[in-house]
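> Would you be able to build a 3D model of this:
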Amino acid sequence: HYGGDVWPNSLYSNEGGGGHYLEVELGGRESNRDGIGARVSLYAGTHQVHAELASGFGFGSSNPLSLHLGLGDHRRADRLVVRWPSGAQQTWKNIPADRTIRLSEGGDEYLVVRR
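Below you'll find the predicted structure:
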């Protein structure tokens with residue numbers, strides 16, 4: 001923000017289409033603590049979603065430190081692959097939809113944070 005900035009603040013809300021989702025929080029151990037830079041791939045049937053965790057993409061903006069991945073009509077993720085900034089790769093399988101999970105680098109299980 002600059003004193004001469006005349007643009008108003010805006011907050012946008014995506015009301016969505018009612019499909020299923022998986023919210024993913026990352027915790028790095030060898031990588032940075034928040035997992036920034038991790039690449040996540042979700043597979044559900046033939047449906048694929050790919051995302052990268054970043055703290056922001058532009059001037060004056062920031063992103064939540066979680067990834068919201070759409071599943072459409074699928075009620076679970078068949079496979080979730082995380083490529084950590086450290087170079088390590090992990091895979092979790094058969095994760096139910098419509099919840100927030102926490103994945104830890106080097107950990108075998110996921111933690112359900114919210115349903």
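> And the residue nearest the centre of the protein?
Compute the mean C-alpha point of the chain, and by Cα atoms, centre = their mean the closest residue is residue 67, 1.6 Å away.
> tell me which residues in whatever helix or strand it lives in are buried?
Using DSSP states H and E, residue 67 maps to strand 66-72. For strand 66-72, a neighbour-count test (16 or more other Cβ atoms under 10 Å) marks 66-67, 69-71 as buried. Placement of C-beta: from N, CA and C, glycine included.
> And for stretch 74-91?
74, 77, 80, 82, 84-86, 90.
> now swap in stretch 26-43 and tell me
Across stretch 26-43, burial judged by 16+ other Cβ under 10 Å covers 26-28, 31-32, 35-38, 40-43.
> so what's residue 28 up against?
34-35, 38, 84-86, 105 (Cβ atoms under 8 Å, 6 or more residues apart in numbering).
> Between strand 66-72 and the helix or strand hosting residue 21, find me the angle.
Here residue 21 sits within strand 20-27, counting by DSSP H and E. Strand 20-27 and strand 66-72 are oriented at 160 degrees to each other (axes from the mean of the first three to the mean of the last three Cα atoms, to 10 degrees).
> that older thread, possible to save the buried residues of stretch 74-91 as CSV with pLDDT and secondary structure?
Output for the buried residues of stretch 74-91, formatted as CSV (pLDDT from 0 to 100; DSSP: H, G, I helix; E, B strand; the rest coil):
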residue, pLDDT, secondary structure
74, 97, coil
77, 98, strand
80, 98, strand
82, 98, strand
84, 98, coil
85, 97, coil
86, 97, coil
90, 98, strand
